[in-house]
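Peer 1: 3D model of this:
(chains A and B)
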Amino acid sequence: GNSVTQMEGPVTLSEEAFLTINCTYTATGYPSLFWYVQYPGEGLQLLLKATKADDKGSNKGFEATYRKETTSFHLEKGSVQVSDSAVYFCALSDQWSETGGGNKLTFGTGTQLKVEL
Amino acid sequence: DSGVTQTPKHLITATGQRVTLRCSPRSGDLSVYWYQQSLDQGLQFLIHYYNGEERAKGNILERFSAQQFPDLHSELNLSSLELGDSALYFCASRSGRVNTGELFFGEGSRLTVL
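Peer 2: Next up, the predicted model:
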């Protein structure tokens, strides 16, 4: 079945440091890949996504590239801020069909990021 | 604001009891998904409904059940509650018409079983 593996946290960085959170996946077919972010006390919000190989998703300074050859979707940000402190989830979506199931997200375990001044 | 509404936000109950969690999806979204988030298990997919019909089941216990009503809102029923059922339960929705893969999550219902 589908699975997502992401680096364990917590990751603690100083403000303006470079961030990488590794994510690799196992899936059949051509899944879509996502990064979701969960701020304290809130639900999950989509941060970025990529739907096919070599696509780069980007949002709010975060980027991730869909690498089919390495089955990876690593999250990066060049300069983190205290406000980026949150839990980050890598996820994949199986293929969707109108008549069947699908598009349920399989999540990694989440990586907590703490950014300090 | 994702447009997905979950009630109640917090619920404290005792072992052996039954509770119902409610979810209103985004306007027009046909699909509703339920997830359980616990410290030791992470985010686990429970069940998916599409336009009133069950489409996929994940790691949902037999003590749990769900349904989606004609107005597209959904309820997750948890019965014979155990301490280990304490978790954050999320509902998510997506449009049935556009295949973007993205799910929109509510803020969750935090269940505490004492």
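Peer 1: contacts and neighbour counts: CA atoms only from here.
Peer 2: OK.
Peer 1: So which bits of stretch A:69-81 are buried?
Peer 2: Neighbour-count burial for stretch A:69-81, with 16 or more other CA atoms under 10 Å in any protein chain shown as criterion, is recorded at A:72-77, A:80-81.
Peer 1: just for chain A, where's the confidence low?
Peer 2: A:95-103 (pLDDT under 70).
Peer 1: Quick check: closest non-adjacent residue to the residue of chain A found nearest chain B.
Peer 2: In chain A, the residue found nearest to chain B is A:Gly43; the distance is 4.1 Å by CA to the nearest CA. Among residues not flanking A:Gly43 along the chain, B:Glu107 sits closest, at 4.1 Å (CA to CA, 6 or more residues apart in numbering or on different chains).
Peer 1: Can you check what pLDDT the model gives that neighbour?
Peer 2: B:Glu107 carries a pLDDT value of 93.
Peer 1: In chain B, which residue sits nearest chain A?
Peer 2: Closest point on chain B to chain A, by CA to the nearest CA, is B:Glu107, at 4.1 Å.
Peer 1: in chain A, which spans are helices?
Peer 2: Taking DSSP state H to define them, one finds no helices in chain A.
Peer 1: got the residue ranges for the strands in it?
Peer 2: Secondary structure of chain A (DSSP state E): strands located at A:3-6, A:11-14, A:19-21, A:23-26, A:32-38, A:44-50, A:56-59, A:62-65, A:75-77, A:86-93, A:105-107, A:111-116.
Peer 1: Among these, which comes closest to B:Tyr49?
Peer 2: Smallest distance to B:Tyr49 across the strands of chain A (CA to CA): 13.7 Å, for strand A:105-107.
Peer 1: Adjacent strands (with direction) for that closest one?
Peer 2: strand A:86-93 (antiparallel) (DSSP bridges).
Peer 1: Could you check the angle the strand it pairs with makes with strand A:111-116?
Peer 2: 150 degrees (axes from the mean of the first three to the mean of the last three CA atoms, to 10 degrees).
Peer 1: so who does the residue of chain B closest to chain A touch?
Peer 2: A:41-44, B:4-6, B:9, B:90 (CA atoms under 8 Å, 6 or more residues apart in numbering or on different chains).
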